[in-house]
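J.: everything below, folded, please.
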Amino acid sequence: MTDLSATVGAVWKQESARIVAGLLRLVHDVGLAEELAQDALVAALEQWPATGIPDNPGAWLTTIAKRRAVDHIRRSRTRERLAPDLARLPEATEDDVLRLMFTACHPVLPTEARVALTLRVIAGLSPAEIARAFLVGEQVIVQRIAAAKRTLAEAGVSYQPSTQLPSVLEVIYLIFNEGYAATSGAGLIRADLCLEALRLGRMLAVLAPDQAEVHGLVALMEIQQSRSAARTGPAGEPIPLHEQNRGRWDQLLIHRGFAAMLRAREAGGPTGPYVLQAAIAVCHTAEETDWVRISTLYQALERVLPTPVVRLNRAVAVAFAHGPRAGLDLLDELPADPQMADYHLLPGVRGDLLARLGRLAEARHELERAASLARNTAERDFLLRRAAALDVPEERGRLLGPAVNDFLAPLRPATARAYGQTLHRVARLAGDRTPLAGLTATRLSEIFAVSWPDVSPRTWNRHVAAIRSFATWAGEPSLAADLRPRPTDGTADPVPLPTGGTADSVPRPTGGSGSDRVAAFESPGGASDGPALRERVLWCLLRESAAKVGAVLALNVEDLDLNDRSARAGTIVWRSGTAALLPDLVGGRTRGPLFLSDRRPGPGRRPAPADLCPETGRRRLSYERAAYLCKRGTGHTLDRLRAV
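T.: A predicted model of the protein is given here:
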């Protein structure tokens, strides 16, 4: 039975995309097509143990899926109209599979949803397998896939290969990168994701043979995957590229990468980012890496893909080609980029270059800072070992990370959570092991600039107040000298200081009264938020998430994951506009409805407990009231505004 299950699973992974694609052409609904195909898989698991595996299992599954479609059509009372078409429906073609792939990767979906749906309907992975690969709960994946199917059905997406191809390539490479260098977890590599991405890339190369970028992506993945056996040591620790044993590289995968590069050249057209990255990977396969050529290729790549990560990689290549000083000069342009604020490889590379220049104390600090930013256990341990190996005396004096924990420990939970959002981020970016005496007001200003560049005045002022309170408690009030509160625009009251004086007068949080006073100005979002802020958040969230109005109005504060920009385990997601406004609306609240009415309910009209905020006493904003405010403020209905 185990062998049969493995065989069925292998057949499903090979044939599921073709079966779902054929059904999609008829039912025009990814979710329904996938359900019908799943019914065929269940039938195989039930019947094949008794009848044996058919000679053509893919055709068998396709036939059963068509029969399930007939049953669905009968139940939908449209058999007379569609049954003749179904009888004449040919086998799914390569164009159908390509259409399915482009639909699953449509840009209308958030990135996480595109990845999950692609692995489900194209790669044939179960939600449990996808969840294990990305270290999330299975229910999270199930909800992402369900939300993606709903979004596609509601949006009525069209098939536009020329504009959607970059999204397909991005999804495949995201899957590969997560497998090649896992962002979190204990292991550096997730081989199953690498192999699935390679399979998807090879499939796409067959379906779109005239696209140079497709072959470029396949070449890049083949060559990178060829190094997988040499990338980790006996304990799973990372081994840098220039230190790897090239004898362990897989020559077959390298040759396949070369062949894909030849096909990319034959396809012609302008040189794109994946072809350029593949050319860089080819340079690394030579006996002696030509770093001068690689730095030139990165310069060309930066012109077509001007991202901070490309600039970082170019700095590494320049450092190997022209010396660490030249690479460090390029790196100095990057820290001010907000996209790089949490990227652990930036301080990691800086630490390596500083060590090569003999500036060991600075190098150790950068490597420790990189370790505090790394979410992958193997990478974090590797960085800490490198930092410890440098011949530098231990830091003396009070360190930033432990000091932050000591400051937050006696505070009330709501206050500690609010202050912790500010202080933990500062500690991560500055480095947990940075001595307080070595932290400067200028460095704090830089961290604020990259962490909260576009926040509202009230949010900015809340972060400033947190730093001022901490600096005064730590006996270093000058740390906040360069941080000034911003005037509000009239939609929110200015952030009051805890004691009514200056931030420097905050008492040290060693007793209950000091803690209470700090918490006093973290009041729940009430009248000071004002209808204008509430409505702006609602309008923005509806537009960015495309979620149903009822689902958005039903959100509670405890449903939100502000760091992940999502709610209810990823079923509702938003972008930067909502992310900038939400903290102001939430204020210090930790539970209860997100969107509140203007007034408390009267004693004769008590709402249900789930619709009453336990912290403010106000009720949930009703659909009718929201619709009125929307019509008055925008001239649109709520559903129309959601689609704008």
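
J.: contacts and neighbour counts: CA atoms only from here.
T.: Will do.

J.: so where is this protein shaky, pLDDT-wise?
T.: Residue ranges of the chain with pLDDT under 70: 1-3, 26, 70-95, 135, 158-163, 335-337, 395, 488-532, 599-606, 640-644.

J.: longest single helix anywhere in it?
T.: The longest helix of the chain (DSSP state H) is helix 2-27.

J.: hey, where'd the helices end up in the stretch 301-450 of the chain?
T.: Counting by DSSP state H, counting those that start in this stretch, the stretch 301-450 of the chain has these helices, from start to end: 308-322, 324-331, 345-356, 360-373, 377-389, 400-408, 413-430, 441-451.

J.: got the ones you listed as CSV, with mean neighbour count and distance to A116 columns?
T.: Below are those laid out as CSV (neighbours: other CA atoms under 10 Å; distance: least, CA to CA, whole Å):
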stretch, mean neighbour count, distance to A116
helix 308-322, 21, 24
helix 324-331, 19, 35
helix 345-356, 22, 26
helix 360-373, 24, 26
helix 377-389, 19, 24
helix 400-408, 18, 36
helix 413-430, 20, 29
helix 441-451, 17, 29
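
J.: L98 is nearest to which of those helices?
T.: Of all the helices of the stretch 301-450 of the chain, helix 308-322 sits nearest to L98, with 29.7 Å by CA to CA.

J.: just to revisit the earlier point, could I get the helices of the stretch 301-450 of the chain as CSV with distance to D29?
T.: CSV is the format used below for those (distance: least, CA to CA, whole Å):
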stretch, distance to D29
helix 308-322, 37
helix 324-331, 48
helix 345-356, 42
helix 360-373, 42
helix 377-389, 41
helix 400-408, 51
helix 413-430, 42
helix 441-451, 41
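
J.: for those helices, which one sits closest to P609?
T.: helix 413-430 (21.4 Å).

J.: can you list the neighbours in contact with the closest one?
T.: Helix 413-430 is contacted from outside by 341-342, 369, 372-373, 400-401, 404, 408-409, 439, 443-444, 447, 463, 466-467, 518-519, 522, 588-590, using CA atoms under 8 Å, 6 or more residues apart in numbering.

J.: got it, and stretch 281-296?
T.: L220, I223, Q224, I254, F258, I280, R314, A317, V318, F320, A321, H322.

J.: how far away is the spatially closest residue to the fifth one that is not a sequence neighbour from Q211?
T.: On the basis of CA to CA, 6 or more residues apart in numbering, the spatially nearest residue to F258 that is not a chain neighbour turns out to be A219, at 6.6 Å. Distance, A219 to Q211, using CA to CA, to the nearest Å: 13 Å.

J.: ok, the two, which is more surrounded?
T.: A219 (34 against 19; other CA atoms under 10 Å).

J.: what's the first helix or strand after the helix or strand the more buried one falls within?
T.: For A219, the element it lies in under DSSP states H and E is helix 212-226. The element immediately downstream of helix 212-226 (helix or strand, assigned by DSSP H and E) is helix 251-267.

J.: could you point out which element follows that next one?
T.: Assigned by DSSP H and E, the successor of helix 251-267 is helix 273-284.

J.: let me know the angle separating that following helix from helix 308-322.
T.: Between helix 273-284 and helix 308-322, the angle formed by their directions is 30 degrees, by axes from the mean of the first three to the mean of the last three CA atoms, to 10 degrees.

J.: distance from the chain centre to helix 273-284, please.
T.: 25 Å (CA atoms, centre = their mean, to the nearest Å).

J.: and if you look at stretch 143-157?
T.: With CA atoms, centre = their mean as the basis, the mean position of stretch 143-157 lies at 19 Å from the chain mean.

J.: got the CA positions of it in PDB?
T.: Only the C-alpha atoms of stretch 143-157 are listed here, as PDB (Å, rounded to 0.1, in the frame of the first residue of the first chain):
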ATOM      1  CA  GLN A 143      -6.600  29.900   4.000                       C
ATOM      2  CA  ARG A 144      -4.100  31.500   1.600                       C
ATOM      3  CA  ILE A 145      -5.100  29.200  -1.200                       C
ATOM      4  CA  ALA A 146      -8.800  29.600  -0.600                       C
ATOM      5  CA  ALA A 147      -8.400  33.400  -0.500                       C
ATOM      6  CA  ALA A 148      -6.400  33.300  -3.800                       C
ATOM      7  CA  LYS A 149      -9.100  31.300  -5.500                       C
ATOM      8  CA  ARG A 150     -11.700  33.700  -4.400                       C
ATOM      9  CA  THR A 151      -9.700  36.700  -5.500                       C
ATOM     10  CA  LEU A 152      -9.100  35.200  -9.000                       C
ATOM     11  CA  ALA A 153     -12.800  34.300  -9.300                       C
ATOM     12  CA  GLU A 154     -14.000  37.800  -8.300                       C
ATOM     13  CA  ALA A 155     -11.300  39.700 -10.300                       C
ATOM     14  CA  GLY A 156     -12.100  37.800 -13.600                       C
ATOM     15  CA  VAL A 157      -8.400  37.900 -14.500                       C
END
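
J.: what about G185, how many residues nearby?
T.: 15.

J.: what does the one 5 residues further on give?
T.: Per other CA under 10 Å, the neighbour tally for R190 reads 18.

J.: residues contacting it?
T.: A133, E178, G179, Y180, A181, A182.

J.: distance of it relative to E129?
T.: Taking CA to CA, one finds R190 at 12 Å from E129.

J.: and what of L444?
T.: 43 Å.

J.: ok, V275 touching G216?
T.: Yes - using CA atoms under 8 Å, V275 is in contact with G216, at 4.2 Å.

J.: higher neighbour count, these two?
T.: G216 (30 against 25).

J.: so that one sits against A278, correct?
T.: Yes - counting by CA under 8 Å, A278 is a contact partner of G216 at 5.9 Å.

J.: find the residues that touch each one of these two.
T.: Common neighbours of G216 and A278 (CA under 8 Å, 6+ apart) are M261.

J.: name the nearest residue to the residue nearest the centre of the chain, ignoring sequence neighbours.
T.: What sits nearest the mean C-alpha location of the chain, by CA atoms, centre = their mean, is E112, with 6.6 Å. Nearest non-adjacent residue to E112, counting by CA to CA, 6+ apart: R144, 7.6 Å away.

J.: next up, the contacts around the one you found.
T.: E112, A113, A116, L117, G570, T571.

J.: dump the residues you listed to a markdown table, plus distance to E243 and secondary structure.
T.: As requested, the contacts of R144 are exported to a markdown table (distance: CA to CA, whole Å; DSSP: H, G, I helix; E, B strand; the rest coil):
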| residue | distance to E243 | secondary structure |
| --- | --- | --- |
| E112 | 34 | helix |
| A113 | 37 | helix |
| A116 | 35 | helix |
| L117 | 37 | helix |
| G570 | 40 | coil |
| T571 | 43 | coil |
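
J.: list just the nearest of the residues you listed to V42.
T.: Looking across the contacts of R144 and measuring by CA to CA, the closest to V42 is L117, at 20.0 Å.

J.: kindly reformat the contacts of R144 as JSON lines containing distance to P609.
T.: Listed next are these as JSON lines, based on distance: CA to CA, whole Å:
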{"residue": "E112", "distance to P609": "34"}
{"residue": "A113", "distance to P609": "33"}
{"residue": "A116", "distance to P609": "36"}
{"residue": "L117", "distance to P609": "37"}
{"residue": "G570", "distance to P609": "25"}
{"residue": "T571", "distance to P609": "24"}
